[in-house]
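Chemist: coords please:
(one chain, ligands or ions: 1)
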Amino acid sequence: MKALPERASGPSLLEEQLARLIANYGPISVADYMAEANAHYYATRDPLGRAGDFITAPEISQMFGELVGLWLADLWERAGSPAGTCYVELGPGRGTLAADALRAMRSAGFEPNPELIETSPVLRQAQAARIPGAHWHDQLDSIPHEGPLLIVANEFFDALPVRQLIGTPEGWRERKVDYRGGRFVPVAGPPIAASAIPDGLREAPTGAVLEVSPASIAIAQGIAHRLAVQGGAALIIDYGHARTGIGETLQAVHGHAYADPWSQPGERDLTAHVDFGALAAAVEGEGVRRFGPVDQGRWLAAIGVDARAASLARHAPDRAEEIATARHRLTAPDQMGSLFKVMALVAPDWPEPVGFA
Ligand code: SAH
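Modeler: Numbering: from 1, shown residues only. Coordinates of the predicted model:
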């Protein structure tokens, strides 16, 4: 989508466009609403950091990207250091994770070609400043079809559109978004075919919300297929739940605070918890081995975050407190340690990854 100029007041151009679409064709799905809102949101700004709307693990500390890089380098080395391996990242944001990971991999004697999947022109520019030699792609299809792929996705899947199903006495219905009296309003739409409901969730408690993300499932399957054919591994890190379940998790964040997801689409970050259970089920039978999801805190501890933090603090004693705070934020159960999960997909002939025992 093209970036649109903002207006000083009144409904944004995107709001007017969506309102017109709904007036002409009827309420739209929650997935379409979320997709349009996020396409506009990411295309028009860098949302990360203190001055933005939210902060992510690689922006908290260089340790995060470095440990991801060392995890990848270790796997690559034990796979026999295959030539022509690409580093692929989905939704690299400012490019911080990629820059830290590539530096750590270089120090381990591994220099993969960076291939970045990013749709936002603003963020592509930020990435270009940090990652020399990178190539950009709109989606997985155009990533090189030869050579092993080491794929990383941190806080990417949570931005992908979810459908919401709403429980009614007549069963699950698609939740749609209507525009009434100058506001977006979620409403119950047409009934859902039973075959589209995840196993074990046929029952539809009245008022309950069930989220499904066909876009996430398609991308996870695309990744698994590529790994099975080309070799390599994928690391998917995000906040979410290990098992598919009922519950509404769609949320909007603006200026580091929760906001109403049904107002000002395109001006706030819309995300939903990642359903790792659904991703795991989706890659079953695709010819890859799956490890996790495990809690981010546990995974980082297993791959050496404490040693990395200690070494950084030794080299910069004046930053020791800042480093300890960052380690705590990334790993403590009441911070990012438990809500965030790590899942790996590994090609059949590649070695077992560390951190999932
Ligand atoms: N991984 C980064 C940024 C997370 S924000 C970090 O951890 O800091 C989400 C990222 O995904 C942004 O780079 C955004 O532009 C990108 N993104 C969102 N939807 C996308 C889509 N459908 N296709 C490609 N990139 C997308």
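Chemist: interface residues of the stretch 101-250 of the chain facing the ligand?
Modeler: Applying Cβ under 6 Å from any ligand atom, we find that the stretch 101-250 of the chain lies next to the ligand at Ile117, Glu118, Thr119, Ser120, Leu123, Asn154, Glu155, Phe156, Ala159. The way it works is simple: take the backbone N, C-alpha and C, and place the C-beta from them, glycine included.
Chemist: among those, name the ones in strands.
Modeler: Those of those mapping onto strands are Ile117, Asn154, per DSSP state E.
Chemist: which residues does the closest residue to Gly91 other than its chain neighbours contact?
Modeler: In this structure, Gly91 finds its nearest non-sequential neighbour in Phe156, 3.6 Å apart by Cβ to Cβ, 6 or more residues apart in numbering. Contact partners of Phe156, counting by Cβ atoms under 8 Å, 6 or more residues apart in numbering, are Leu90, Gly91, Asp238.
Chemist: one more: Trp350?
Modeler: By Cβ under 8 Å, 6+ apart, the residues touching Trp350 are Leu75, Ala79, Pro148, Gly231, Gly232, Ala233.
Chemist: show the buried residues in the contacts of Phe156.
Modeler: Among the contacts of Phe156, those buried by neighbour count (16 or more other Cβ atoms under 10 Å) are Leu90, Gly91, Asp238.
Chemist: how much space between the second one and Thr271?
Modeler: So that's Gly91. Separation of Gly91 from Thr271 (Cβ to Cβ, to the nearest Å): 12 Å.
Chemist: anything in contact with each of the two?
Modeler: When contacts are counted by Cβ under 8 Å, 6+ apart, Gly91 and Thr271 are jointly contacted by Ala159.
Chemist: from the ligand, how far out is Ile294?
Modeler: Check again: residue 294 is Val, not Ile. According to Cβ to the nearest ligand atom, to the nearest Å, Val294 and the ligand sit 18 Å apart.
Chemist: wait, that residue touches Val354, no?
Modeler: No. Counting by Cβ atoms under 8 Å, Val294 does not reach Val354; the two are 11.6 Å apart.
Chemist: circling back: okay, the residues of the stretch 101-250 of the chain next to the ligand in CSV with pLDDT next?
Modeler: Listed next are those as CSV, based on pLDDT from 0 to 100:
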residue, pLDDT
Ile117, 98
Glu118, 98
Thr119, 96
Ser120, 96
Leu123, 96
Asn154, 98
Glu155, 98
Phe156, 98
Ala159, 98
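Chemist: nearest to Pro317, of the residues of the stretch 101-250 of the chain next to the ligand?
Modeler: Nearest to Pro317 among these: Asn154, at 29.3 Å, using Cβ to Cβ.
Chemist: remind me which helix or strand the closest residue to that closest one other than its chain neighbours belongs to.
Modeler: Once flanking residues are discounted, Asn154 sits nearest to Ile237: 4.6 Å by Cβ to Cβ, 6+ apart. Using DSSP states H and E, Ile237 falls within strand 232-241.
Chemist: show me where pLDDT drops low in the stretch 151-300 of the chain?
Modeler: Along the stretch 151-300 of the chain, no part satisfies pLDDT under 70.
Chemist: okay, now the closest residue to the ligand within the stretch 251-357 of the chain: neighbour count?
Modeler: Taking Cβ to the nearest ligand atom as the measure, the stretch 251-357 of the chain has Asp269 as its residue closest to the ligand, at 7.9 Å. Asp269 is flanked by 22 other residues according to other Cβ atoms under 10 Å.
Chemist: same check on Ala193?
Modeler: Ala193 has 9 nearby residues by other Cβ under 10 Å.
Chemist: use 41 as the first number for this chain going forward.
Modeler: Let's use 41 as the start, then, which means that last one is Ala233.
Chemist: gap between it and Gly211?
Modeler: Using Cβ to Cβ, Ala233 is found at 10 Å from Gly211.
Chemist: just the element for the residue lying closest to Arg367 once chain neighbours are set aside, please.
Modeler: Nearest residue to Arg367, sequence neighbours excluded (Cβ to Cβ, 6+ apart): Ala349, at 4.5 Å. Element membership of Ala349, judged by DSSP H and E, is helix 345-355.
Chemist: buried sites along that helix?
Modeler: Applying 16+ other Cβ under 10 Å to helix 345-355 flags Val345, Arg348, Ala349, Leu352, Ala353 as buried.
Chemist: and that helix, what does it pack onto?
Modeler: If you count contacts as 3 or more Cβ pairs under 8 Å, 6 or more residues apart in numbering; DSSP states H and E, helix 345-355 packs onto helix 102-118, helix 360-371.
Chemist: tell me the mean pLDDT over the last one?
Modeler: Across helix 360-371, pLDDT averages out at 97.
Chemist: list of residues touching it?
Modeler: With contacts defined as Cβ under 8 Å, 6+ apart, helix 360-371 is touched by 97, 100-101, 103-104, 336-337, 340-341, 345-346, 349, 352-353, 356, 375-377.
Chemist: before we move on, what SS does the closest residue in space to His175 that isn't next to it in sequence have?
Modeler: Residue nearest to His175 in three dimensions, not counting chain neighbours: Glu155, with 5.3 Å by Cβ to Cβ, 6+ apart. Following DSSP: H, G, I helix; E, B strand; the rest coil, we place Glu155 in the strand state.
Chemist: quick check: Glu155 vs Ser351, distance?
Modeler: Glu155 sits 30 Å away from Ser351, taking Cβ to Cβ as the criterion.
Chemist: so which of the contacts of Phe196 would you say is closest to Glu326?
Modeler: Nearest to Glu326 out of the contacts of Phe196 is Leu130 (Cβ to Cβ; 17.2 Å).
Chemist: ok, the closest residue to Ala353 other than its chain neighbours to Ala349 distance?
Modeler: Among residues not flanking Ala353 along the chain, Ala360 sits closest, at 4.2 Å (Cβ to Cβ, 6+ apart). According to Cβ to Cβ, Ala360 and Ala349 sit 9 Å apart.
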